[in-house]
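# The following block contains a protein sequence and its predicted model.
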There are 2 protein chains.
Amino acid sequence: MGKNIVQSKRLRVKVALPEPPVRTLWWDGKELCLLDQRVLPGRERVLRLKTAASVYQAIRSLQVRGAPAIGVTAAFGVALEARRFKSQGVKVMRRKAEQAIELLEKARPTAYNLFFALNRMKEVLSNSERTPEKIMTALVSEAEKIYLEDLRSGWEIGLWGKSLVKPGMNILTHCNAGGLATSGFGTALAICYAAWNDGIRFHVYVDETRPVLQGARLTAYELQKAGIPCTLICDNMAAFLMSERKVDLVVVGADRIAANGDTANKIGTYGLAVLSRWHQIPFYVAAPLSTFHPEIATGLAIPIEERDPDEVTTITGKRVAPKGVKVYNPAFDVTPGRLITGFITERGIIRPPYPRSLSAIFRKG
Amino acid sequence: MGKNIVQSKRLRVKVALPEPPVRTLWWDGKELCLLDQRVLPGRERVLRLKTAASVYQAIRSLQVRGAPAIGVTAAFGVALEARRFKSQGVKVMRRKAEQAIELLEKARPTAYNLFFALNRMKEVLSNSERTPEKIMTALVSEAEKIYLEDLRSGWEIGLWGKSLVKPGMNILTHCNAGGLATSGFGTALAICYAAWNDGIRFHVYVDETRPVLQGARLTAYELQKAGIPCTLICDNMAAFLMSERKVDLVVVGADRIAANGDTANKIGTYGLAVLSRWHQIPFYVAAPLSTFHPEIATGLAIPIEERDPDEVTTITGKRVAPKGVKVYNPAFDVTPGRLITGFITERGIIRPPYPRSLSAIFRKG
């Protein structure tokens, strides 16, 4: 990965980062460009979104997914809407931007980054700018700032986390906590990229991650692109690998983290955490601070999205289960903080006891 | 299910059994008829097999699967081959039957029932019959005996196991340990059928069971046919259900059981056993004695079949993972006996300490 300066005059920051492994989304000055994650790895199709409604649809339909990427995308959704109604004056524009925020808040319930990003957009919107041009500039600027912060967070998660990766290790990951789940570097995979960049050689087991197969479709694709050796498995094979001592480290991402460390993440994460504890394998969660929701005490307060039964009964457009069969399809589960060896964040690795260690970070912040 | 007398003059037994819930396979006097499990639940296609080679292919390609059903099918494969070469004299016929046994032993490595059944066919073949007609009759008769014994075993497993099923329970099962995995009643599902028949009302969670989706395709199909309420889940959702106290009992089948209770079964079983122990949920294995291999001390001696990567990367004919990705696809795992609450067999429920309790059964037998 060659060095690349990601720069934003409005931010007045210069972040020296390497080129990210994937280009998940970008703002071209007028539109939000998004790599369509529904059609990967078969096709690399770029969507060009112009409205909050299309951004809402892209999030709901999983064309973009991964908690940090959802947050960044939603922020641009608000900026797009303001841009669209700029010519109709401050009042209409504000109302449309507010409606966009209301709509986007309903796109998906679990990932906290969505609310983190929209709250920041709300704050910018409610400040004192008085001309349409200034309001739009402020909103676009804030969305870009959220984007760049996420890009940098991912890189920094990698820098902190790479110390956990030793030569010859077998790392297991679930779902896609890669570049595609963020502005570009990922969370769990950022650690792999950073370690690999340092010349550390290791191997990754990739859970395919039913029902939407983000592991098979996205994580395998990313790792293959980066030249990191990986092996795809079905979710139900991880326990067997662990029993054969073929897994040295488990790293996953997160959708929302409560004050006590309880972590909502892709369905299947909780099972992996129990299995890791049983086999005495370190189990880490990699996430930027924008995924933490310290105002909620425990995971009990995290809403768990239940998705369409078709995701389970129909694969690549073909029905696999008998018609009329009942399905339970929770998209996430909650792993208790006590099963988590540590949180890898852009501020460092935070270890138990939670909530104390976690709340210290937020007091500092 | 109406009462039905399954009768065999050769066996000189009369087994009063209800009609089995599915017709997995049957001998029509000339050919082996087999419900093609590759195309279920979309199509109910019956294959008519005439040669050992076609039986070998049906087993390898999973047109028939499930340890007891594999054993019964292979036994008929030997009988078919003897029948085919009957006109060529005793010597040719014997050689062809022996070759059929050698071929069928290589069909799949893990399920012990295959070797149990083929060993019995070997014994019949090596006895003193001297005319082609008598040899053929003896082989067909032995295959029918294995079939009927398996049918009865399934029913008896149900009778013993139904005491574990309480009204309102949620039972979790993995893969298909149903009628389709046996001559007709199943093992884990035999318990459900027997309890349901007694008027006990409960609900079953069905693991879809990647990669071949035997749960989604076969177990959901069987339970739906029998009118037993069930809910399909992805394998990685079971842990979350357990954490929400939505699973009261786990029952699975088996492919091979060592003297100490170590049990090879469909990949994912071991993980469920660990998760059941973690959540203090009873975890039972239902299997006929033909699945037990008491000559091997532990599960370490059980060969684990690794199957084609395409099973993981390609679903319903469409590729889901990037080309060239490495895959690990073990078809089975081994659950240590110490994680198993009990074995439900045709002789009763066998509880720890293993191997003592298990070896007592085989001493009696």
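Structure's in. What do you need? This structure is a prediction, so every number in the text was calculated from the model and none was measured.
# Give me the domain ranges for chain A.
Under the assignment automatic domain parsing, the domains of chain A span A:3-154, A:156-363.
# Of these, which is nearest chain B?
Among the domains of chain A, domain A:156-363 comes nearest to chain B, with 3.0 Å by Cβ to the nearest Cβ. Glycine gets a C-beta too; all of them are placed from N, C-alpha and C.
# First-to-last residue distance for that closest one?
Between the opening and closing residues of domain A:156-363 lies a distance of 20 Å (Cα to Cα, to the nearest Å).
# A:Pro51 is in contact with A:Arg84, isn't it?
Residue A:51: Thr, not Pro. Yes - in this structure, A:Thr51 is within contact of A:Arg84 by Cβ atoms under 8 Å, at 6.3 Å.
# starting at the chain centroid, how far to the lengthiest helix in chain A?
The helix of greatest length in chain A, counted in residues with DSSP state H as the criterion, is given as helix A:132-161. From the chain centre to the centre of helix A:132-161 is a distance of 14 Å (Cα atoms, centre = their mean, to the nearest Å).
# do stretch A:236-245 as well
Averaging C-alpha positions (Cα atoms, centre = their mean) puts stretch A:236-245 26 Å from its chain's average.
# Equivalent analysis for stretch A:283-302, please.
The chain centre lies 13 Å from the centre of stretch A:283-302; the measure is Cα atoms, centre = their mean.
# average pLDDT for it?
For stretch A:283-302, the mean pLDDT works out to 98.
# for stretch A:307-315, same thing?
pLDDT averaged over stretch A:307-315 equals 97, rounded to a whole number.
# Stretch A:96-112 too?
Confidence over stretch A:96-112, taken as the mean pLDDT, stands at 98.
# hang on, the earlier thing: please identify the most buried of the domains of chain A.
Comparing the domains of chain A on average neighbours per residue, with mean count of other Cβ atoms under 10 Å in any protein chain shown, the densest one is domain A:156-363 at a mean of 22.
# distance between that domain and the chain's centre?
Mean-position distance between domain A:156-363 and its chain equals 10 Å (Cα atoms, centre = their mean).
# Quick one: distance of the helix or strand that contains A:Ile70 to the chain centre.
Counting by DSSP states H and E, the element that carries A:Ile70 is helix A:67-84. With Cα atoms, centre = their mean as the basis, helix A:67-84 stands 15 Å off its chain's centre.
# Do me a favour and get the end-to-end distance for stretch A:52-70?
13 Å.
# is chain B contacted by that stretch?
No - contact between stretch A:52-70 and chain B is absent, the nearest approach being 14.3 Å (criterion: Cβ under 8 Å from any Cβ of the partner chain).
# quick check: mean pLDDT across that stretch?
pLDDT averaged over stretch A:52-70 gives 98.
# now swap in stretch A:224-238 and tell me
Mean predicted lDDT for stretch A:224-238 stands at 98.
# got it, and stretch A:192-207?
Along stretch A:192-207, the predicted confidence averages to a pLDDT of 98.
# Next, A:Ser54: phi, psi?
Geometry field for A:Ser54 lists phi and psi as phi -70, psi -30, criterion degrees, to the nearest 10.
# Now do it against A:Leu35, distance only.
A:Ser54 is 15 Å from A:Leu35, where distance means Cβ to Cβ, to the nearest Å.
# Return the residues of the stretch 101-250 of chain A in contact with chain B.
The interface of the stretch 101-250 of chain A toward chain B, taken as Cβ under 8 Å from any Cβ, is made up of A:205, A:207-211, A:213, A:216-217, A:220-221, A:224, A:229-241, A:243.
# do that again at 6 Å, thanks
Those residues of the stretch 101-250 of chain A that sit near chain B, judged by Cβ under 6 Å from any Cβ of the partner chain, are A:210-211, A:213, A:216, A:220-221, A:224, A:231-237, A:239-240.
# Mind checking which of these land in helices?
When those are checked against helices using DSSP H, the ones located there are A:Ala220, A:Tyr221, A:Gln224, A:Ala239, A:Phe240.
# any idea which helix or strand comes after the longest helix of chain A?
From helix A:132-161, the next helix or strand downstream (DSSP H and E) is strand A:170-173.
# quick one: strands adjacent to that following strand?
Next to strand A:170-173 in the sheet, as set by DSSP bridges, lie strand A:203-207 (parallel), strand A:249-252 (parallel).
# Other residues contacting that strand?
Counting by Cβ atoms under 6 Å, 6 or more residues apart in numbering or on different chains, the neighbours of strand A:170-173 from elsewhere in the structure are A:Ala188, A:His203, A:Val204, A:Tyr205, A:Lys246, A:Val247, A:Asp248, A:Leu249, A:Val250, A:Val251.
# Show me which of those residues is closest to B:Arg94.
Of all the contacts of strand A:170-173, B:Arg94 sits closest to A:Lys246, with 46.0 Å by Cβ to Cβ.
# quick one, strands of the stretch 151-300 of chain A?
Secondary structure of the stretch 151-300 of chain A (DSSP state E, counting those that start in this stretch): strands at A:170-173, A:203-207, A:230-233, A:249-252, A:256-258, A:263-266, A:283-286, A:292-293.
# And those: which comes nearest B:Asp150?
Using Cβ to Cβ and comparing the strands of the stretch 151-300 of chain A, the one that lies nearest B:Asp150 is strand A:230-233, at 32.6 Å.
# for that closest one, packing partners?
Using 3 or more Cβ pairs under 6 Å, 6 or more residues apart in numbering or on different chains; DSSP states H and E, the elements in contact with strand A:230-233 are strand A:203-207.
# List the first helix or strand encountered after the strand it packs on toward the C-terminus.
Past strand A:203-207, heading to the C-terminal end, the next element that is a helix or strand (DSSP H and E) is helix A:214.
# helices or strands next to that next one in the packing?
For helix A:214, there is no helix or strand it packs on, judged by 3+ Cβ pairs under 6 Å, 6+ apart.
# Apart from its neighbours in sequence, what residue is nearest A:Ala111?
In space, not counting the residues next to it along the chain, A:Ala111 is nearest to A:Ala67; the distance is 3.6 Å by Cβ to Cβ, 6 or more residues apart in numbering or on different chains.
# tell me the contacts of that neighbour?
Listed by Cβ under 6 Å, 6+ apart, the contact partners of A:Ala67 are A:Ala111, A:Asn113, A:Asp255, A:Thr291.
# Who are the contact partners of the third one?
The reference is to A:Asp255. Contact partners of A:Asp255, counting by Cβ under 6 Å, 6+ apart, are A:Ala67, A:Thr110, A:Ala111, A:Ala264, A:Asn265, A:Phe332.
# The last one contacts A:Gly268, correct?
No - contact status for A:Phe332 versus A:Gly268: not in contact, 9.4 Å apart, counting by Cβ atoms under 6 Å.
# A:Leu232 bridge partners, please.
Residues found in beta-bridge contact with A:Leu232 (criterion: DSSP bridges) are A:Val206, B:Val327.
# hang on, the earlier thing: out of the strands of the stretch 151-300 of chain A, which comes closest to A:Ala16?
strand A:283-286 (21.4 Å).
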